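Novice: Could you work out the structure for the sequence below:
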Amino acid sequence: MATIVARDLRLALRRRTDTLAALFFFVIVVSLFPLAIGPEPELLRRMAPGVVWVAALLASMLSLARLFADDLQDGTLEQQLLSATPLALLVLGKATAHWLCAGLPLALVSPLLALQFGLSTDAMGVLVASLLLGTPVLSLVGAIGAALTVGVRGAGVLLSLLVLPLVIPVLIFGAAAVDAGSTGAGVTAHFSLLAALLVLALAGAPPAAAAALRIALE
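Specialist: This is a model prediction of the structure:
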């Protein structure tokens, strides 16, 4: 698993444009809303959680279609299926590398974008924490969709249709946590639900994606 993570990170460093494109997309989408709405501080603060989370969700999906596609084209995926290492662990390694390249940068840059919405320091901390808990779920669930659509023409559109309905709970609880943090309400319940979703994704997504890959390559 560690070898897979290191390998995918090296490949990502060689293709920096993919990571930068997702980050640039995230910044542009979040920045467009304050420009379109205008200087209404209360409205911007109310919209901030949903805007940031939707943008993060869409940005993290940009590179999901290539999660297994490149390995399928060069034959690496077939070798991984024949490996003595359980395929679920290899899938977990690829999902981890995807989060490190796509999810973690979004969480780190989100406080700077939150300044445009006038969020308080406490709300920014909740935003970063919610993204750190929620974006791994997006990568894990996205791995299932990427495995189901590997080798399929037009996989990007089909992947979005499969994954987006499954990650709606993450979007709801993540945005609700930021909203609760900005109003001074308790965020423990929202973080507990996000953590529960992460545990479920860690337990269920790798075996499901591994089974989908075996079916796709039969």
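Novice: How about the contacts made by D70?
Specialist: Applying Cβ atoms under 8 Å, 6 or more residues apart in numbering, one finds that D70 lies in contact with 11, 76. In short, each C-beta sits where N, CA and C put it, glycine included.
Novice: quick thing: my sequence starts at 12, can you match it?
Specialist: Noted, 12 is the first residue going forward, which turns the last one into D81.
Novice: Relative to G114, how far out is it?
Specialist: 19 Å (Cβ to Cβ, to the nearest Å).
Novice: Repeat that for L149.
Specialist: L149 is 7 Å from G114, by Cβ to Cβ.
Novice: list the residues that contact both of the two?
Specialist: Taking Cβ under 8 Å, 6+ apart as the criterion, L149 and G114 both touch 67, 71.
Novice: which of these two has more neighbours?
Specialist: The residue with more neighbours, out of L149 and G114, is L149; 29 against 25, by other Cβ atoms under 10 Å.
Novice: where does this protein have low pLDDT?
Specialist: Counting by pLDDT under 70, the ranges of the chain that qualify are 165-166.
Novice: Which parts of it are helices?
Specialist: Here the chain has its helices, by DSSP state H, at 13-25, 27-48, 52-71, 80-85, 87-92, 98-109, 115-125, 132-159, 166-174, 179-194, 199-228.
Novice: Tell me, how many residues neighbour the closest residue to G197 other than its chain neighbours?
Specialist: Nearest non-adjacent residue to G197, counting by Cβ to Cβ, 6 or more residues apart in numbering: A191, 6.5 Å away. For A191, the neighbour count with other Cβ under 10 Å is 20.
Novice: Tell me who's in contact with V174.
Specialist: V174 sits next to 72, 75, 149, 152-153, 155-156 when contact means Cβ under 8 Å, 6+ apart.
Novice: So the nearest residue to it once chain neighbours are set aside versus T14, what's the distance?
Specialist: Leaving out its chain neighbours, the residue that sits closest to V174 by Cβ to Cβ, 6+ apart is G156, at 4.1 Å. Taking Cβ to Cβ as the measure, G156 falls 24 Å from T14.
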